[in-house]
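Peer 1: Model the following, please.
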Amino acid sequence: MDYDLDVDPALAAAVLEIEGHHARTGWDQPARLYALVDTGDLVEQEPELAAQLGLDSPAERGSLTPIEQEPLPADQQLEQVLPGIVWPEVVIGCAAVVERLVLPPAADGQVPEDPAEAEEFAREHPDREEVRIVAGVTRHGASYCALRLRSEDDNSAVMGGADLVPALLELLRSTLEDEPMNGDK
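Peer 2: I've put the predicted structure just below:
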């Protein structure tokens, strides 16, 4: 696997843990959102929960624990939901999992402007690729992404890096700010 753990090892480990969990559940899953909390704080504040999760050892200190959130609204894309989310201070970071179709660079300039037409164009394109993206950010500015191609659905083929999906990372960062992007509370 190609991992860039230089940026924030705790964040990278949490993102890879989430990616591994979703790899075991298979493809064609809805988008998911995770709160990332400091494992040491979780052990201190919720010792029974931490023990159930097997997180009560000193080795867990300095790590992040992903906490899966309720399912997102079925009628909205993750990118539509994120601007209205604000996390409480106890949440150190957050991560999202999405599956998307990507097109080769040769398709640039051919994609229709209309979103519905663009989606159909991508679905019908002979060189499309399905990808699962797990992206995470922290309040301290760290980011990490893990990408898995459906055509190379193997743990050794997972790609990782700090800024592989900049637009999604920016949306996730906005959820860690005091005010939602769209001004709603």
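
Peer 1: Would you mind listing the buried residues in the longest helix along the chain?
Peer 2: In the chain, taking DSSP state H as the definition, the longest helix is helix 9-25. Neighbour counts over helix 9-25 (16 or more other Cβ atoms under 10 Å) mark A10, L11, A12, A13, A14, V15, L16, E17, I18, E19, H22, A23 as buried. The C-beta positions use only the backbone N, C-alpha and C, and glycine is treated the same way.

Peer 1: Specify which member of those residues is nearest to E46.
Peer 2: Closest to E46 out of these is A14 (17.3 Å), distances taken as Cβ to Cβ.

Peer 1: Please list all residues in contact with that closest one.
Peer 2: L36, S63, L64, T65, P66, G93, A95, G136 (Cβ atoms under 8 Å, 6 or more residues apart in numbering).

Peer 1: any idea which element the first one lies in?
Peer 2: Going back to what we said before, that points to L36. strand 32-38 (DSSP states H and E).

Peer 1: cool, and the fourth one?
Peer 2: When elements are assigned from DSSP H and E, T65 belongs to strand 64-68.

Peer 1: Would you mind measuring from the residue positioned nearest the centre of the chain to V137?
Peer 2: Nearest to the mean C-alpha position of the chain, by Cα atoms, centre = their mean, lies A96 at 2.6 Å. Per Cβ to Cβ, to the nearest Å, A96 is found 9 Å from V137.
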